[in-house]
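# need a 3D model of the following:
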Amino acid sequence: MSQIELKVDGMKCGGCSGRLKRLLDGTDGVNNTDIVLETKQVSVSYEDGAINESAIKTLIEDAGFTVLAA
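Residues are numbered from 1 along each chain as shown. Predicted structure coming up:
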């Protein structure tokens with residue numbers, strides 16, 4: 001299992017962060033997602049080989065958010 005820590009812009013409320021968490025947690029290979037709205041911090045635990053960091057970033061950006069940094 002691996003983990004990626006990202007700063008994500010575009011989350012303005014609990015609904016935004018909840019929508020992103022549901023999207024990521026519902027993705028094959030993702031085990032758990034923790035989001036801290038105030039700091040824009042997103043932590044994703046995932047299974048190696050099932051999904052990778054690039055695919056996680058693409059999912060976030062396709063959902064309308066911006067990945068600021070790793």
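
# CA atoms for contacts and neighbours, from now on please.
Will do.

# longest helix in this protein, by number of residues?
Using DSSP state H, we find that the single longest helix of the chain is helix 14-25.

# who's in contact with that one?
Contact with helix 14-25 is made by 10-11, 30-35, 37, 56, 59-60, 63, as judged by C-alpha atoms under 8 Å, 6 or more residues apart in numbering.

# which among those gets closest to Ala50?
Distances from Ala50 to the contacts of helix 14-25, taken as C-alpha to C-alpha, are shortest for Val30 (8.2 Å).

# once you drop chain neighbours, what's closest to the closest one?
Spatial nearest neighbour of Val30, chain neighbours left out: Tyr46 (4.3 Å); criterion: C-alpha to C-alpha, 6 or more residues apart in numbering.

# how many residues are close by that neighbour?
For Tyr46, the neighbour count with other C-alpha atoms under 10 Å is 24.
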